[in-house]
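Engineer: Sequence plus the predicted model coming up.
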Amino acid sequence: MNSRLLFALGLSLAALLPSPTSAETVWLDQLDVRAAIQGWGTPQKNKTVDGNPLTLDGKVFKRGFGTHAESVLNIKLDGAAKSFSASVGVDDEVKKNPASSVEFFVIGDGKPLWKSGVKRAGEAASVCEVDLTGVKALVLKVGDGDDSIDYDHADWADAKFETASTKTFVTSGEPLLPPVAPYILTPAAPATPRINGASVFGVRPGSPFLFTIPATGNRPMTFAVQKLPRGLKLDAQTGQITGALEKSGEFTVTLVAKNKLGTAKKKFRIVCGDTIALTPPMGWNSWNCFAGEVTAERVKQAANALVKSGLINHGWTYINVDDFWQNHRDSKDATLQGPTRLPTGEIQPNSRFPDMKGLADYVHGLGLKIGLYSSPGPWTCGGCAGSWQYERQDAQTYAKWGFDYLKYDWCSYGEIASGGDPSAKNIPLWGKTATNQAGAIYPYAVMGKFLREQNRDIVYSLCQYGMADVWKWGDSVAGNCWRTTGDITDTWRSMSTIGFRQDQAAPFAKPGNWNDPDMLIVGEVGWGRTHPTRLSVDEQYTHISLWCLLASPLLIGCDMEKFDDFTLNLLSNDEVLAVDQDALGKQAVCVLKQGDVWVYVKELADGSRAVGFFNRSVKPVEISFKDFAPLGLSGKQTVRDLWRQKEVAKIKVATAALPLTIPAHGVVLYQFTKVK
Ligand code: GAL
C-alpha cells in the first residue's frame with residue numbers, strides 16, 4: 001500500500017506506544033503524539049510547537065504535548081483508562097499576540113466530556129479532569145477559539161491517564177472520510193498540438209517581454225506567431241516571445257504550434273498598457289514545501305521540474321522564492337545582522353543563494369519567470385532582513401537582478417506602525433494586526449510606487465492576511481494580488497474555511513487584481529519536512545476547482561520533484577485551468593446553498609458559466625438538480641464536465657432535472673453554454 005493510501009485511511013501515523021512506566025499512570029507524552037493532525041507545525045512531545053519548554057502563565061511543565069490549533073489526536077482506549085487529567089492553555093511563547101486564542105475539548109465515544117472555554121495567551125492553565133470509565137475512543141481536540149488559527153500554540157501540559165492495568169494505547173490522525181484511492185479524471189493531452197493557457201497577456205511599455213507559448217503535443221514542435229508587433233521576436237524552437245513594446249496598444253496575434261501530426265492556432269491578445277497580470281499568476285512558491293530550507297539549487301530544480309513535468313505547457317510560469325533567501329545588508333562585518341545598523345547597504349542573499357542574478361537568468365532561460373519575497377518591516381516573518389527604509393533600493397535591486405514578482409509580507413511592520421523601536425534588537429514578529437487603515441495601507445503604497453518606477457514588470461503580491469479589507473484598496477497601491485486570509489495548511493478544515501469564505505472580496509477581482517486565498521496544498525507539502533497532502537482525493541478536486549472558480553492566483557506549494565500522476569493530472573487539466581485564466585476576470589460567488597451542497601458560479605468571457613457543485617458533507621450525495629434560476633441560466637444549455645472534458649447533457653433549463661453525484665467533500669465542475 002502506498003503512503004498516500006495509508007494517509008487516506010488515517011492510519012499512516014498510527015503507532016503503538018511504548019509500555020507505560022507503571023500500571024497506574026500513562027503519560028500522554030508516552031503515546032505517539034506525532035499522530036496528531038494539527039493546523040501548523042509538528043506535534044511535539046514535552047515541548048511547545050516551537051520547541052520551547054511548555055510554559056503557561058510563567059509556570060513551566062516538564063511533560064506534555066505541544067500542538068497548534070486546529071489539532072486532533074485520537075486515542076484508542078478500549079475502556080482501559082479510568083481518568084484523564086491535564087493543565088491546558090496557550091503557551092507563553094505567543095503571549096504578545098492578541099490573535100492567539102484556542103479551546104480545548106475532550107471527547108469520549110463521540111460525546112463531549114470536557115471543554116476549556118476560550119483560552120488566551122497569558123492566562124493561567126485550566127485544569128482538566130475527566131472520568132473515562134468505559135470510554136473506548138478518546139479525542140483530544142484543540143479548536144481555534146472561533147477566530148483564525150494564527151499563533152494558536154496550545155499545550156496539553158502534565159497530561160496523563162490513570163489506567164486500570166498496564167495497557168498500550170494506539171493513537172492516530174482523524175479518519176474523517178471513507179478511504180478513496182486516487183483516481184484521475186483529466187484525459188491525456190492529444191499528441192497533436194494544442195495551445196493552452198490564457199488568451200490575453202499584459203505588459204507595460206518598455207518592459208522586457210517574456211511569454212512562452214504553452215502547448216501540449218508531441219515534440220519536436222515549432223512555433224510561429226502571425227502579426228507579432230514590432231519590438232517582439234519569437235524563438236520558433238522554444239516558443240519564447242521576447243523583446244519589448246515601445247508604446248501602449250492592443251495587438252491581436254495568432255499563435256501557431258506545429259508538429260508532425262498537425263497544426264494548432266489560437267488568437268491571443270497582447271495588451272501593452274498600465275495593467276499587468278491580466279489573468280491570475282500561475283506558478284510555484286517555495287514556502288509550503290521548503291519553508292526555511294529553501295536554496296538556490298532547490299529553486300533551480302523546481303524550475304527544471306516545472307518544465308520536465310510538462311506543466312509549462314499548461315501555462316504555469318512563475319517560480320517564486322519565499323522567505324529565507326535574504327541575509328542582511330552590505331557589510332564587511334558578517335556579525336552585523338541588522339538592516340538598521342547598515343544604512344547604505346544593498347540587501348544581501350544568504351549563502352544558500354550565491355548569485356541572485358544568475359538564478360533569475362537561469363529561470364528566464366527556461367522560458368519561466370521568477371519571484372521573491374520581502375517585508376515592509378525591518379524583518380520578514382522568518383526573521384530575515386526586510387525592506388523597511390530600503391524600499392526604493394530593494395525595488396531597484398530586484399529589478400537589477402531580473403525578478404518578476406514580489407510577495408510583500410507584513411510581518412514585523414506592525415511594530416513600526418504601533419511605534420515600536422525598529423532599531424531595537426530582536427524586534428518581536430507579532431505584526432499581524434493593524435488597527436488603523438492608513439497604517440495598513442501606507443507601507444504597501446511605498447513599495448508599490450517604487451516597483452512601478454522600475455523598467456520591469458514586477459507582479460506585486462500583498463501578503464497581510466486581508467487586514468483592513470485589502471481588496472478594497474489593493475489596486476490603489478499598485479497591487480496585483482493580495483492574500484485575503486491567514487496561512488493555509490493541508491487539512492480540509494483549513495482549505496474549506498478559507499476557500500468557502502471569499503465572497504465579500506469577489507466584486508474587487510478583475511484583470512490585474514486578484515484575491516488570493518493562499519497557495520495550493522496538493523502533492524508533497526510540509527514546510528521543511530514534506531509528506532503527502534492530508535487532503536483526501538476528492539478534497540483535492542474541490543481545492544483546485546474552487547481556486548479556479550475564485551480566479552485565484554495558482555501557486556503550487558509542493559515539492560515538484562516528487563510529483564505523482566494524480567497530482568500532476570490535477571494541475572494539468574486545461575479546461576479547469578481555463579476557468580481560472582478566463583479573460584473576463586470575474587470571481588465566482590456562492591449563489592445557492594441546498595443543505596450541504598453549495599453552488600458557485602463564475603461568468604466567463606464567452607458568455608458561458610462555470611459552475612461548481614460542492615458537497616461539504618462527509619457522505620456522498622446524489623441529487624436531481626432543478627434550481628437553475630439562481631445560477632443565471634435560461635433557455636437551452638449544453639453541459640460540459642470540465643474535469644472529464646466531455647459534454648454530459650443538453651438541457652432545457654425550465655424543465656431539466658440534472659442528476660448529480662458528488663463525492664464526500666467533493667465537487668462536480670460543469671460549464672453551461674447557451675445553445676444558440
Ligand atoms: C507568512 C506568510 C507565508 C510565508 C511565511 C514566510 O506570514 O503568510 O505565506 O510567506 O510568512 O515566513
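Structural biologist: Great, that's in hand.
Engineer: So what's the gap between the helix or strand harbouring K650 and the chain middle?
Structural biologist: Using DSSP states H and E, K650 maps to strand 646-652. From the chain centre to the centre of strand 646-652 is a distance of 33 Å (C-alpha atoms, centre = their mean, to the nearest Å).
Engineer: for stretch 564-575, same thing?
Structural biologist: With C-alpha atoms, centre = their mean, you get 17 Å for stretch 564-575.
Engineer: picking up where we left off before, contacts for the strand holding K650 next, please.
Structural biologist: 635-641, 656, 658, 670, 675 (C-beta atoms under 8 Å, 6 or more residues apart in numbering). Bear in mind the C-beta positions are built from the backbone N, C-alpha and C, glycine included.
Engineer: That strand pairs with which strands, parallel or anti?
Structural biologist: strand 636-641 (antiparallel) (DSSP bridges).
Engineer: And for the partner strand, what's in contact with it?
Structural biologist: Under C-beta under 8 Å, 6+ apart, the answer for strand 636-641 is 575, 646-653, 658, 668-675.
Engineer: now do 6 Å
Structural biologist: With contacts defined as C-beta atoms under 6 Å, 6 or more residues apart in numbering, strand 636-641 is touched by 647-652, 670-675.
Engineer: thinking again about what came up before, between which two of the contacts of strand 646-652 is the distance greatest?
Structural biologist: The largest separation in those, counting by C-beta to C-beta, is between G635 and D641 at 20.2 Å.
Engineer: Return a ChimeraX selection command for the buried portion of the contacts of strand 636-641.
Structural biologist: Command for ChimeraX that selects the buried part of those, burial taken from 16 or more other C-beta atoms under 10 Å:
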select :651,670,671,672,673
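Engineer: ok, of the contacts of strand 636-641, which one's closest to K619?
Structural biologist: Of the contacts of strand 636-641, the one sitting nearest to K619 (C-beta to C-beta) turns out to be Y670, at 21.3 Å.
Engineer: Quick check: that closest one touching A610?
Structural biologist: No. With contact defined as C-beta atoms under 6 Å, Y670 does not reach A610; the gap is 7.5 Å.
Engineer: how about the residues of this structure that lie near the ligand?
Structural biologist: Selection of the chain residues close to the ligand by C-beta under 6 Å from any ligand atom yields 287, 322-323, 380-382, 409, 463, 487.
Engineer: Sitting in strands, which of the residues you listed do you find?
Structural biologist: 409, 463 (DSSP state E).
Engineer: Tabulate the residues of the chain next to the ligand in a markdown table, adding columns for neighbour count and pLDDT.
Structural biologist: Output for those, formatted as a markdown table (neighbours: other C-beta atoms under 10 Å; pLDDT from 0 to 100):
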| residue | neighbour count | pLDDT |
| --- | --- | --- |
| W287 | 26 | 97 |
| D322 | 26 | 98 |
| D323 | 24 | 95 |
| T380 | 25 | 89 |
| C381 | 22 | 87 |
| G382 | 19 | 86 |
| D409 | 27 | 96 |
| C463 | 24 | 97 |
| D487 | 20 | 93 |
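Engineer: mind giving me JSON lines with the residues of the chain next to the ligand and columns for distance to N615?
Structural biologist: Output for the residues of the chain next to the ligand, formatted as JSON lines (distance: C-beta to C-beta, whole Å):
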{"residue": "W287", "distance to N615": "30"}
{"residue": "D322", "distance to N615": "33"}
{"residue": "D323", "distance to N615": "36"}
{"residue": "T380", "distance to N615": "39"}
{"residue": "C381", "distance to N615": "35"}
{"residue": "G382", "distance to N615": "38"}
{"residue": "D409", "distance to N615": "34"}
{"residue": "C463", "distance to N615": "31"}
{"residue": "D487", "distance to N615": "26"}
